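Asks: Give the three-dimensional model of this entry:
(chains A and B)
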Amino acid sequence: MSGEGERLAELAKRRGYFFGATEAYGGAAGFYTFGPQGAALKANVEDAWRDRFTVREGNFEIEAPTIMPEPVFEASGHLDGFDDMLVACPDCGESHRADHLLEDNTPIEDAESLPLAEVEDLVADHDIRCPTCGGDLADEAVTQFNLMFETNIGPGSSTPGYLRPETAQGIFVEFPRIKEYARNSLPFGVTQIGRAYRNEISPRKSIVRTREFTQAELEQFVDPERDDPHLDSVADVEVTLYPATEQHDDGGEYVETTVGEAVAAGTIGDPWIGYFVGIAQEWYETLGVDMDRFRFRQHLAGERAHYAADCWDAESEVDGDWIEIAGFAYRGDYDLSKHADHADDDFTIFREFDEPRDVERAVVDPDMSVLGPEYGSEAADVASALEELADRNPAAFDGETVTVSVGGETRTVDTDVAGFRIEERTINGEHITPHVIEPSFGVDRTVYTLLAHAYNEDEVDDETRTYLSLSPTVAPTDVGVFPLVSNVPELVDRAEAIVDDLRRAGFSVTHDDSGSIGRRYRRQDEVGTPFCVTVDRDGLEGDGPDTVTVRERDSGRQVRLPVESLSTELDAVMDGDTSFDGLVAAYDAVTTDAGS
RNA sequence: GCGCCAGUGGUCCAGUGGUAGGACAGUGGCUUCCCAAGCCACUAGCCCGGGUUCAAUUCCCGGCUGGCGCACCA
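Replies: Numbering: from 1, shown residues only, chains lettered A, B, ... in the order given. This is a model prediction of the structure:
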């Protein structure tokens, strides 16, 4: 079961995809460095994401800080909600969530919100036992573990800050500015690609679960009553769904359907979620994810954050496990409302009514020259009580006098002193808090999925050939260029000239003239370079224009084409405008021992 | 965090109470007109700290890192 992952990890180390960081100092769990190939692959994934989810959707990309001051996370709920209360069993050493133990064994609900000391007392009072071995937890300390990395902003510790635990937080915080940029009109989407940090208790599974990782997130801000996605554009996209209702202990059935049908049938509860699921399906496919090892899984009710109406994960199967590579959540107005409560800024959008509305409203305009002398310092309170009463019960002003209660005392005011009247006003609209649909992509996990799904082993002449069948759209190196043999100066020189030309044309090129040609092909196979160009003597000695051979990575097939057409044809094949078969048909196939 | 297992050139492994050997990879050279060929030469290693010992890569303890299981993954 771990074979695939181990072989991939080994190749990743050797070929510069990724490796444990700071190994020279013993390393630190949960941190990885992307090597030259990995960094390029990741950049290609990010670029592809940007093309699809920012540029093509007409969204706005921002780049907010990774460190933000404490109040941001008080508002977002991460300071409290990101805490785990752990208690360790003195007998068997198991650590358990103290709040969960209380909730499971007592009528107490939401134990997570209780102070640490109280939880400690409650554990003792209720004689909570270790669920693993039955050990006595009464005298054990309950420790707080917050998954956020803490730091100080500036000297001293007066301004605590935290590394953001999710990339998107900056989008919510900066919403007041961004909405101005968006000219106060919904819907609009804001994206951010960047690092997020979680001090995981136990990072595992290679680069799948790390303490520092990259997310590509989109916050789609919508008017829940007016804005609909362009569902038509993805209605026919076929998807494999794994709805909550199918997720039993003994497995369940996948639902093979289309986005349009899934939304119509209510399998996917929200059309925006459906829309992004459709886009994501297509996007992953173009990246080269093996769609037979890919599904959308709906969150179970208990798994969902309390504010999320519906939530689906994109999952890929790697190394025998399903891992989450993206999440699609309908978050309602949760995030913006939280920031509105905690911050001074305005997190709403003004929505105009279709037609201005004339409304009648009861208002008061108390005569303070009367109330002031009469009630002194209490006058202002009386006035606001009148205001409140007018709004609540206009009929109270029908008589000669009106009575309000201020500070427990009854105060009677002449109606004409209160200045009661019915005001007619024209209201053009209202302030609403936009709802948010959040597609959130794990970039590192996507990279890992691409590598795992691209990993192949062939038997060639009783030898194992390892190659990464990465799609040309993401492959970190586009093309390898070699002289067929390295002791013929004309071939070496020509190859170098071609390298230069191709790099000038924008290709990522590797040049290699060491060892035999077969060895060089194998190197590029392991890196996943889609095409290799080889300069041979036949190509120089012909009567016509110079030619080179182009080899396709997965099949080993070769085609001979003129040097002048090389970069054009490579471009066409990489963009998918033509296939390698197309090249073979248009030019001369080359027969070799290995190619077929 | 807990338990089990592991840590030896770049990678994968062997081995030893007296500081190590292979395979593959890599570099330079020869050779080579199409898939890890061959020949010569070379580079490069015992995770860290403490203990036991005349002597520790080896034994013991602790740490770190990795794999698996448990827990965790808002």
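
Asks: For the helix or strand harbouring A:E490, C-alpha coordinates in CSV please.
Replies: Element membership of A:E490, judged by DSSP states H and E, is helix A:489-504. In CSV, the C-alpha atoms belonging to helix A:489-504 read as follows (Å, rounded to 0.1, in the frame of the first residue of the first chain):
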residue,chain,number,x,y,z
PRO,A,489,31.2,18.7,-32.5
GLU,A,490,28.7,19.6,-35.2
LEU,A,491,25.9,17.8,-33.4
VAL,A,492,26.8,19.2,-30.0
ASP,A,493,27.0,22.8,-31.5
ARG,A,494,23.7,22.3,-33.3
ALA,A,495,22.0,21.0,-30.2
GLU,A,496,23.2,24.0,-28.2
ALA,A,497,21.9,26.4,-30.9
ILE,A,498,18.5,24.7,-30.8
VAL,A,499,18.4,25.0,-27.0
ASP,A,500,19.0,28.7,-27.3
ASP,A,501,16.3,29.1,-29.9
LEU,A,502,13.7,27.1,-27.9
ARG,A,503,14.5,29.0,-24.7
ARG,A,504,14.1,32.3,-26.7
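
Asks: Please name every helix or strand in contact with it.
Replies: Judged by 3 or more C-beta pairs under 8 Å, 6 or more residues apart in numbering; DSSP states H and E, helix A:489-504 is in contact with strand A:479-483, strand A:509-511, strand A:531-535, helix A:537-541, helix A:566-575. Where you see a C-beta, it was placed from the backbone N, CA and C, and this is true even at glycine.

Asks: closest to RNA strand B out of the ones you listed?
Replies: Using C-beta to the nearest atom of the strand as the measure, helix A:537-541 is the one of the helices and strands packed on helix A:489-504 that comes nearest RNA strand B, at 1.4 Å.

Asks: neighbouring contacts of stretch A:291-307?
Replies: A:239-244, A:247, A:254, A:277, A:281, A:284-285, A:308, A:310-318, A:322, A:328-329, A:331-332, A:334, A:453 (C-beta atoms under 8 Å, 6 or more residues apart in numbering).

Asks: rewinding a little: mind listing what's buried along the helix holding A:E490?
Replies: Neighbour counts over helix A:489-504 (16 or more other C-beta atoms under 10 Å) mark A:491-492, A:494-495, A:498-499, A:501-502 as buried.

Asks: chain center to it: distance?
Replies: Counting by C-alpha atoms, centre = their mean, to the nearest Å, helix A:489-504 is centred 41 Å from the centre of its parent chain.

Asks: For it, which outside residues touch it?
Replies: A:478-479, A:481-486, A:509, A:511, A:513, A:533, A:535-537, A:540, A:546, A:548, A:563, A:566-567, A:570.

Asks: can you rerun that using 10 Å?
Replies: Applying C-beta atoms under 10 Å, 6 or more residues apart in numbering, the contact partners of helix A:489-504 are A:478-486, A:488, A:507-513, A:533-537, A:539-541, A:546, A:548, A:563-564, A:566-567, A:570.

Asks: Now the buried members of those.
Replies: For the contacts of helix A:489-504, buried by 16+ other C-beta under 10 Å: A:478-484, A:486, A:507, A:509-513, A:533-536, A:539, A:548, A:563, A:566-567, A:570.

Asks: now for the helix or strand harbouring A:I325, which elements pack on it?
Replies: Following DSSP H and E, one finds A:I325 within strand A:321-332. Secondary-structure packing of strand A:321-332 (3 or more C-beta pairs under 10 Å, 6 or more residues apart in numbering; DSSP states H and E): strand A:212-222, helix A:271-287, strand A:294-298, strand A:311-318, strand A:435-442, helix A:443-454.

Asks: can you list those in CSV and add mean neighbour count?
Replies: Compiled in CSV, the helices and strands packed on strand A:321-332 are given as follows (neighbours: other C-beta atoms under 10 Å):
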stretch, mean neighbour count
strand A:212-222, 23
helix A:271-287, 22
strand A:294-298, 22
strand A:311-318, 24
strand A:435-442, 24
helix A:443-454, 25
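
Asks: Could you dump those into JSON lines and include distance to RNA strand B?
Replies: Below are the helices and strands packed on strand A:321-332 laid out as JSON lines (distance: least, C-beta to the nearest atom of the strand, whole Å):
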{"stretch": "strand A:212-222", "distance to RNA strand B": "9"}
{"stretch": "helix A:271-287", "distance to RNA strand B": "18"}
{"stretch": "strand A:294-298", "distance to RNA strand B": "13"}
{"stretch": "strand A:311-318", "distance to RNA strand B": "10"}
{"stretch": "strand A:435-442", "distance to RNA strand B": "9"}
{"stretch": "helix A:443-454", "distance to RNA strand B": "11"}
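
Asks: out of these, nearest to A:E23?
Replies: Among the helices and strands packed on strand A:321-332, the nearest to A:E23 by C-beta to C-beta is strand A:212-222 (15.8 Å).

Asks: Given that closest one, what are its sheet partners and their directions?
Replies: Under the criterion DSSP bridges, strand A:212-222 sits next to strand A:188-197 (antiparallel), strand A:435-442 (antiparallel) in its sheet.

Asks: From what I see, A:E4 and A:A452 are in contact.
Replies: Yes - look at A:E4 against A:A452 with C-beta atoms under 10 Å: they come within range, at 6.5 Å.

Asks: Which pLDDT value goes with A:A88?
Replies: For A:A88, the pLDDT comes out at 66.

Asks: so A:G170 touches A:E61, yeah?
Replies: No - counting by C-beta under 10 Å, A:G170 does not reach A:E61; the two are 11.5 Å apart.

Asks: residues shared between the contacts of the two?
Replies: A:190, A:192.

Asks: Mind listing the strands the strand holding A:I325 pairs with, and their directions?
Replies: Strand A:321-332 pairs in its sheet with strand A:311-318 (antiparallel), strand A:435-442 (antiparallel), by DSSP bridges.

Asks: per-residue confidence averaged over that strand?
Replies: Predicted confidence along strand A:321-332 averages 93 (mean pLDDT).

Asks: Ok, stretch A:561-570 next?
Replies: Here the average pLDDT along stretch A:561-570 is 95.

Asks: for stretch A:454-470, same thing?
Replies: The average pLDDT within stretch A:454-470 is 88.

Asks: Start and end of stretch A:158-169, how far apart?
Replies: One end of stretch A:158-169 to the other measures 22 Å (C-alpha to C-alpha, to the nearest Å).

Asks: Only the buried residues of that stretch, if you could.
Replies: A:161-169.

Asks: Likewise for stretch A:547-560?
Replies: Within stretch A:547-560, judged by 16+ other C-beta under 10 Å, the buried ones are A:547-554, A:556-560.

Asks: Contact partners for the residue positioned nearest the centre of chain A?
Replies: Nearest to the mean C-alpha position of chain A, counting by C-alpha atoms, centre = their mean, stands A:S440 at 2.2 Å. By C-beta under 10 Å, 6+ apart, the contact set of A:S440 is A:166-168, A:196, A:215-219, A:313-314, A:324, A:326-329.
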